[in-house]
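1. any chance you can model this:
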Amino acid sequence: MPSTPTAAPPTIPPPDGHDPRCIPHKLTQPLPVGEACVYPAYSPEEHDVWRTLYARMAELLPGRAADEFLTGLTALDLDREKIPSLAAVSRQLHHATGWQIARTPGLLDAHDFFGYLARRIFPCTDYIRGRHELDYTPAPDCFHDIFGHTPMIMHPRFADFYQRIGQAALACRDPALEEQLTRLYWFTVEFGLVRNPGGLRIYGNGIISSAGETLHSLTGRVEQRPFVPEKTALQPYDIWHFQDVLWVVDSFDRLESEFVRWAKAHGLL
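-> This next block holds a predicted model:
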């Protein structure tokens, strides 16, 4: 196993509430999908931020990231030197698992977001964080979305699980159950661990797109519990601190089957 730091994880202060990237968008018209995603005129500085983030994570992830993530990343063959085109990534996803990418202006209203997932469309930002946010950004950017999310969507079983979450969320009308579903999403898609033949590995994109979370997640400071939907759905989380409890799946077949079992028991699938 790779060496891990011994320094305590930092506490990240909440934003002041004025960052427009943290305000969910309620859609009034459909998002552009696939080939309709226009490539922005990025600055050299924006491409350099992507290059810096990619190089840092490429060094940290071997031996820490899930085999399935690394396989997906290799298959995508993302450009390390400049920000990839959403249309090009969408073509690769569609060929591999039938998913596409939609260009979103930022965080989406939850109903809109899950509605796209239910149709095998991943809403993806195309802006990138500033250099002062290399270690942390309060809202998802295209590095989080493209580098963090899309390699796992290349995996057929995870891609099916991701669609199931969207379908279940659209069927949910109980606020208490919606909260449980949000926690399941958080501790799988964003902050999940999996047992690979080589040991415990990261697949959650909230970890994989963050150097700090990557280094923290496999240390003895984190309690790693077997994934059981009924238990995971009751686990609270705090977005402003490194996670101190993470949930481990044995395989992505098991992740999907256990989620489907839970969702059907609650009348969501």
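2. could you give me the buried positions within stretch 227-245?
-> 227, 229, 232-233, 235, 242-243 (16 or more other CB atoms under 10 Å). (C-beta placed from N, C-alpha, C; glycine too.)
3. and if you look at stretch 192-203?
-> 192-196, 200-203.
4. what does stretch 22-34 rub up against?
-> Outside stretch 22-34, the residues that touch it by CB atoms under 8 Å, 6 or more residues apart in numbering are 15, 38, 87, 90-91, 94, 100-110, 112, 116, 121, 123, 138-139.
5. if any of the residues you listed are buried, give me the PyMOL selection for them.
-> A single PyMOL command suffices to select whichever of the contacts of stretch 22-34 are buried according to 16+ other CB under 10 Å:
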select buried, resi 87+90+100+101+102+103+104+106+107+108+110+112+116+121+123+138+139
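6. where's residue 100 relative to residue 213, distance?
-> 28 Å (CB to CB, to the nearest Å).
7. with residue 148 instead?
-> Computed as CB to CB, the residue 148 to residue 213 distance reads 10 Å.
8. now do residue 239
-> 11 Å.
9. residue 247 falls within a strand, correct?
-> Yes - when classified by DSSP: H, G, I helix; E, B strand; the rest coil, residue 247 is found to be part of a strand.
10. and the strands in the stretch 151-269 of the chain?
-> Assigned by DSSP state E, counting those that start in this stretch, the stretch 151-269 of the chain shows strands spanning 192-196, 199-202, 223-226, 245-249.
11. I'd like the ones you listed as a markdown table, with distance to residue 174 appended.
-> Shown next, in a markdown table, are the strands of the stretch 151-269 of the chain (distance: least, CB to CB, whole Å):
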| stretch | distance to residue 174 |
| --- | --- |
| strand 192-196 | 24 |
| strand 199-202 | 31 |
| strand 223-226 | 25 |
| strand 245-249 | 22 |
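12. wait, which of those strands is closest to residue 78?
-> strand 199-202 (17.8 Å; CB to CB).
13. skipping its backbone neighbours, what lies nearest the residue nearest the centre of the chain in space?
-> Nearest residue to the geometric centre of the chain (CA atoms, centre = their mean): residue 205, 3.5 Å. Nearest non-adjacent residue to residue 205, counting by CB to CB, 6 or more residues apart in numbering: residue 148, 3.2 Å away.
14. the one you found contacts residue 206, correct?
-> Yes - here residue 148 reaches residue 206: they are 7.2 Å apart, a contact under CB atoms under 8 Å.
15. what separation do you get for the closest residue in space to residue 262 that isn't next to it in sequence and residue 135?
-> Nearest-residue entry for residue 262: residue 229, 3.7 Å, with adjacent residues in sequence omitted and distances by CB to CB, 6+ apart. Using CB to CB, one gets 32 Å for the distance from residue 229 to residue 135.
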